[in-house]
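J.: coordinates only, no sequence provided:
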């Protein structure tokens, strides 16, 4: 079923389109949960056991909804757990040269490099204070972390070109790093020219395998949009994790942070008209990277009374399942509050009708004015 985006709430619609086209904020269900080492005093006494684990070449992939404060905190805890066992390599959804800049920043005395990256990320899901806090916490608590970027060359005109200049200044124009940076930039140019999701997914697999194989048996953790971590995949776009699971049989473990490691949601009450409904709160997401006018959005799922909304007319606006920080099922009703930079809050309602847009399952915006 093909749908177009609404023109009524033009500002919100344009932001939703950016979120959809990014194709990275999924809440898909992982079929092979990864385990998380407990951070206890006993960890230090497990030297021999963890040494064997860290040379077994295992891949632990975690899917997220980008810039979600709750999920980033969980991912930090998970990485701290692996780090305590001796793991040091963290794979992330960014270009190789962006990760190399993070590695330089890890050794720097100030945040100049990180702040430059943050400026380059404007207009993306990484342009979030929550993301900045996440990296600063890693530097503080896991200072030996080594980042590996395995995505195509995002920000190639800014971060990519600046890194080439830096490598040239360091006399590294003939190095493998320089050649890898050029390759990543070309990947970015190709992807943005054709907007080819299949090309991007395949390149992410290629880049991941190249970086992973170079570690010669080290186990790694990876953080990606849950879309890329799904083992289910689809006919048009074989997902990164599914391809890696085939390439590294028995060594790829996936989990959806929003589901597997989410705390019990806070139950609140939402009133529509004269009726009050129980709703589970699933956190707030920073979306300031997409708009200078919109700051964030909060998610609730109605836990009762969904039948009251079954006949509400739809508004010509949609939001794919992979934008939600929680699993979505047909018949469910969601409430989203969008906060603008001036503090104005706009509340929207979405219903999962089991419909699709561009082969992606979606929720549709509904008009609840008749219930008021």
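T.: Everything's here; your move. In this text, all values refer to a predicted model and were calculated from it rather than measured experimentally.
J.: show me where the stretch 201-350 of the chain has strands.
T.: Ranges of strands within the stretch 201-350 of the chain are 220-225, 252-256, 266-272, 275-286, 294-302, 314-320, 333-340, 345-357, based on DSSP state E, counting those that start in this stretch.
J.: could I get those as TSV with mean neighbour count, distance to residue 372 and mean pLDDT?
T.: Every residue, glycine included, has its C-beta placed from N, CA and C. TSV is the format used below for the strands of the stretch 201-350 of the chain (neighbours: other C-beta atoms under 10 Å; distance: least, C-beta to C-beta, whole Å; pLDDT from 0 to 100):
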stretch	mean neighbour count	distance to residue 372	mean pLDDT
strand 220-225	24	36	95
strand 252-256	24	35	91
strand 266-272	13	7	93
strand 275-286	18	10	90
strand 294-302	21	16	91
strand 314-320	20	15	90
strand 333-340	20	14	95
strand 345-357	17	11	93
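J.: so can I have JSON lines of those strands showing distance to residue 213?
T.: Below are the strands of the stretch 201-350 of the chain laid out as JSON lines (distance: least, C-beta to C-beta, whole Å):
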{"stretch": "strand 220-225", "distance to residue 213": "11"}
{"stretch": "strand 252-256", "distance to residue 213": "14"}
{"stretch": "strand 266-272", "distance to residue 213": "43"}
{"stretch": "strand 275-286", "distance to residue 213": "34"}
{"stretch": "strand 294-302", "distance to residue 213": "39"}
{"stretch": "strand 314-320", "distance to residue 213": "33"}
{"stretch": "strand 333-340", "distance to residue 213": "42"}
{"stretch": "strand 345-357", "distance to residue 213": "37"}
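J.: start and end of stretch 208-217, how far apart?
T.: 14 Å (C-alpha to C-alpha, to the nearest Å).
J.: meant to ask about stretch 87-94, not that
T.: 20 Å.
J.: just stretch 355-365 next, same as before
T.: OK, stretch 355-365 end separation, C-alpha to C-alpha: 12 Å.
J.: now do that stretch: distance to the chain's middle.
T.: 20 Å (C-alpha atoms, centre = their mean, to the nearest Å).
J.: one more: stretch 324-334?
T.: 18 Å.
J.: buried ones in it?
T.: Buried residues in stretch 324-334, defined by neighbour count with 16 or more other C-beta atoms under 10 Å: 324, 325, 326, 328, 332, 333, 334.
J.: now do the fifth one, the pLDDT please.
T.: If I follow you right, that is residue 332. If you check residue 332, the pLDDT there is 95.
J.: returning to what we had before: what's the closest of the buried residues of stretch 324-334 to residue 127?
T.: residue 325 (18.1 Å; C-beta to C-beta).
J.: ok, now how distant is that closest one from residue 285?
T.: 7 Å (C-beta to C-beta, to the nearest Å).
J.: now for the longest helix along the chain, which elements pack on it?
T.: If you go by DSSP state H, the chain has its longest helix at helix 176-194. Other helices and strands packing on helix 176-194, by 3 or more C-beta pairs under 8 Å, 6 or more residues apart in numbering; DSSP states H and E, are helix 96-107, helix 161-169, helix 197-213.
J.: show me which residues of the last one are buried.
T.: For helix 197-213, the neighbour count (16+ other C-beta under 10 Å) marks 199, 200, 201, 202, 203, 204, 205, 207, 208, 211, 212 as buried.
J.: relative to strand 220-225, how tilted is that helix?
T.: Going by axes from the mean of the first three to the mean of the last three C-alpha atoms, to 10 degrees, helix 197-213 is angled at 160 degrees with respect to strand 220-225.
J.: now do the same contact list for residue 64.
T.: Counting by C-beta atoms under 8 Å, 6 or more residues apart in numbering, residue 64 makes contact with 25, 71, 72, 75, 223, 224, 225, 226, 256, 257, 258.
J.: give me that answer again for 7 Å
T.: 71, 75, 223, 225, 226, 257, 258 (C-beta atoms under 7 Å, 6 or more residues apart in numbering).
J.: how many neighbours does the residue lying closest to residue 283 once chain neighbours are set aside have?
T.: Excluding the flanking residues, the one nearest residue 283 by C-beta to C-beta, 6 or more residues apart in numbering is residue 70, at 4.3 Å. Residue 70 is flanked by 20 other residues according to other C-beta atoms under 10 Å.
J.: in the host helix or strand of residue 70, what counts as buried?
T.: Taking DSSP states H and E as the criterion, residue 70 maps to helix 69-84. Neighbour counts over helix 69-84 (16+ other C-beta under 10 Å) mark 69-76, 78-84 as buried.
J.: re earlier: could I get the helices and strands packed on helix 176-194 as JSON lines with mean pLDDT?
T.: Below are the helices and strands packed on helix 176-194 laid out as JSON lines (pLDDT from 0 to 100):
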{"stretch": "helix 96-107", "mean pLDDT": "97"}
{"stretch": "helix 161-169", "mean pLDDT": "96"}
{"stretch": "helix 197-213", "mean pLDDT": "95"}
